[in-house]
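# let me see the structure of the following:
(one chain, ligands or ions: 2)
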Amino acid sequence: MAAPVPVIFNNGRTCPVIGLGTWKSKPGEVTQAVKDAIDIGYRHVDCAHIYLNEKEVGDALRAKFEEGKIKREDIFITSKLWCTFHRPDLVEEAIKTSLKNLGLEYLDLYLIHWPQAFKEGDDLFPKDSEDKFIPSAVDYVDTWGALEALVEKGLTRTIGLSNFNRRQIERVLEVAKIKPAVLQIEVHPYLNQEKLFEFCKSRDIAVTAYSPLGSPDRPGAAPTAPQLLQDPRLLALADKHSKTTAQILIRYAIDRGMIVIPKSVTRSRIQENFNVFDFQLTLEDIKQISALECNGRLCTMGE
Ligand SMILES: NC(=O)C1=CN([C@@H]2O[C@H](COP(=O)(O)OP(=O)(O)OC[C@H]3O[C@@H](n4cnc5c(N)ncnc54)[C@H](OP(=O)(O)O)[C@@H]3O)[C@@H](O)[C@H]2O)C=CC1
Ligand SMILES: CC(=O)C(C)=O
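Ligands and ions are numbered 1, 2, ... in the order given. All right, here's what the predicted structure looks like:
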């Protein structure tokens, strides 16, 4: 199997192209999943405060450090600033909470999870009587300044954005002393993000594809919703390459030049999702897959 080639960021740092996603991975499952992933060869884990499992991810990391399987510098760890902590004076404490939970002294990448800021406080999903999120007046441009300070303090090596659109990224770029290195967004054949990806390339911002398998375990997924992993057009391509549909979907991100973070808590799938370095999609395959675009966004922050 050919060795995976890492993505190089605009600050010269590198990032393994495949990471293990951890959203919805239950605290009782995620420790084993991260241990399995490290044993299989993953050197990148995607975390977030809001996934409420960073401590259990940290348990796996600590076990693998103690075992001597990996050293801290061998693994790339991402976390994300939740929407209730956008106020600049809350940002350092927020990253320190993630660091403490993960048992780390620094992150490789810290992202603003969503551009929208919620009312500060203990409630991570503050809502009004009409079930609408209660906003905070903080502008993400000011939050960005606080993330830059985290790099200067050595709490994270690299900073970036998640779920930002072009206009929002441009606003950050206008004020940035440190340019965002990464944009993490939903990307898969039903939402191929071609325009935003081209924009990011033009600004030297790497793109990480989340929900690359169509997030079948996402909360609220309608039983009748189309299942990306079962799409007959993808099944046919999988057949052509003697691979699984999941492997085609992962390669779809990598062969376009993205980082990709499939989630699984199942050892055989964690292995399958990593066994993608012995084949490549052709330009024609990529064109065919991209034609499945249907503005099929799966992940929103609601109102
Ligand atoms: N920045 C952001 O706002 C967001 C970031 N993310 C990140 O991206 C990661 C991935 O996205 P996510 O939404 O979780 O969804 P994915 O598209 O990665 O799908 C995960 C689901 O696919 C199943 N699965 C995994 N591998 C296979 C396989 N080979 N064959 C069949 N089924 C498989 C998993 O099952 P099982 O686990 O049971 O094996 C799980 O049900 C997240 O976990 C999170 O880290 C996601 C959403 C938003
Ligand atoms: C999954 C995730 O990152 C969300 C919903 O913010």
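# which residues sit in contact with the residue of the stretch 51-200 of the chain found nearest ligand 2?
Residue of the stretch 51-200 of the chain nearest ligand 2, by Cβ to the nearest ligand atom: His113 (5.8 Å). Every C-beta, even on glycine, is put in place using the N, C-alpha and C of the backbone. With contact taken as Cβ atoms under 8 Å, 6 or more residues apart in numbering, His113 is in contact with Ala48, His49, Ile50, Lys80, Leu81, Trp82, Cys83, Ser162, Asn163.
# how near is the spatially closest residue to the second one that is not a sequence neighbour to ligand 1?
Once flanking residues are discounted, His49 sits nearest to Trp82: 4.8 Å by Cβ to Cβ, 6 or more residues apart in numbering. Separation of Trp82 from ligand 1 (Cβ to the nearest ligand atom, to the nearest Å) stands at 10 Å.
# before we move on, the earlier item: filtering the contacts of His113 by proximity to ligand 2, which remain?
Among the contacts of His113, the ones lying near ligand 2 by Cβ under 6 Å from any ligand atom are Ala48, Ile50.
# quick check: the farthest pair among the contacts of His113?
Spatial extent of those (Cβ to Cβ) is set by the pair His49 and Asn163 at 14.8 Å.
# phi and psi next, for the residue of the stretch 51-200 of the chain closest to ligand 2.
Phi and psi for His113, reported as degrees, to the nearest 10, are phi -60, psi -40.
# show me the contacts for the closest residue to it other than its chain neighbours.
Leaving aside its chain neighbours, His113 sits nearest to Lys80 (3.9 Å; criterion: Cβ to Cβ, 6+ apart). For Lys80, the contact set (Cβ under 8 Å, 6+ apart) comprises Cys47, Ala48, His49, Ile50, Tyr110, Leu111, Ile112, His113, Ser162, Gln184.
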